[in-house]
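**Student:** return a 3D structure for these sequence lines:
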Amino acid sequence: MNLVQAGRFKDAPWFPKEETHVIVGGVGGIGSWLTLLLARAGFIPTVYDFDTFEEHNMSGQLVPKSSIGTVKVEAVKKVVLEFADTEIIANNEKYTAETMSHHYVFSGFDNMQARKDMFNAWKEYVAEYTESHDGEGDIPIFIDGRLLMEQLQIFCVTPDRIEEYE
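**Tutor:** Below is the predicted model of the structure:
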């Protein structure tokens, strides 16, 4: 973790005190920018997307025009390395029900099935984590961002609010 780069956050209660991985699903209009910002804040993003950048993506996604026709996760990986000096883990694949989950998960998918798969995988992770930590430790968080025509919706789910989100 680049502590000099993330120094302004070091005393924040949410700031990782050690290397902290996060998962970002989808690197489009939400996920591309989010991946950069998480990396700049000292997190190590693992990203999932199986799409390629097309010309119409240029209006809202964090990529240079030279990325048109390239795999999204690889293009975002280059941008993050350039602007945050952080290597992200790029997975050029669909996020499915069998894909790994993690403590901190961010959904930026434009696909409801991928969003459901990510949430269900996170719920399984939470159940295992809760059982093994007996109520101790950091609270797992699932954040679901939805970009609509004129608004951005953000749903923050903690284990005690799973039923509300469902």
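**Student:** give me the contact list for the longest helix seen in the chain.
**Tutor:** If you go by DSSP state H, the chain has its longest helix at helix 112-133. By CB atoms under 8 Å, 6 or more residues apart in numbering, the surrounding residues in contact with helix 112-133 are 23, 25-26, 94-103, 105, 107, 109, 137, 140, 142, 144, 157, 159, 162, 165. Just so you know, the C-beta spots here come from the backbone N, C-alpha and C atoms, and that holds for glycine as well.
**Student:** can you tell me the SS state at the residue nearest the centre of the chain?
**Tutor:** Centroid check for the chain by CA atoms, centre = their mean gives Val24 as the closest residue, at 2.0 Å. Secondary structure, DSSP: H, G, I helix; E, B strand; the rest coil: Val24 is strand.
**Student:** correct me, but it touches Val47?
**Tutor:** Yes: with contact defined as CB atoms under 8 Å, Val24 counts as touching Val47 (4.7 Å).
**Student:** report the set of residues contacting both of these two.
**Tutor:** Both Val24 and Val47 are contacted by 31, 35, under the criterion CB under 8 Å, 6+ apart.
**Student:** please list the members of the contacts of helix 112-133 that lie in strands.
**Tutor:** Within the contacts of helix 112-133, residues falling in strands by DSSP state E are 23, 25, 105, 107, 142, 144, 157.
**Student:** surely the fifth one meets His103?
**Tutor:** Right, the one you point to is Phe142. No: between Phe142 and His103 there is no contact under CB under 8 Å: 9.8 Å.
**Student:** now do Lys123: how many residues are near it, please.
**Tutor:** For Lys123, the count of nearby residues is 18 (other CB atoms under 10 Å).
**Student:** would you map the helices across this protein?
**Tutor:** Using DSSP H, helices in the chain cover 31-40, 72-84, 112-133, 162-165.
**Student:** residue with max distance from the center of this structure?
**Tutor:** Asp134 (26.3 Å).
**Student:** what confidence value was assigned to Tyr125?
**Tutor:** We have a pLDDT of 94 for Tyr125.
**Student:** use 26 as the first number from now on
**Tutor:** Yes, from this point I'll number from 26; that puts the last item at Tyr150.
**Student:** that one: neighbouring residues, count only.
**Tutor:** 18.
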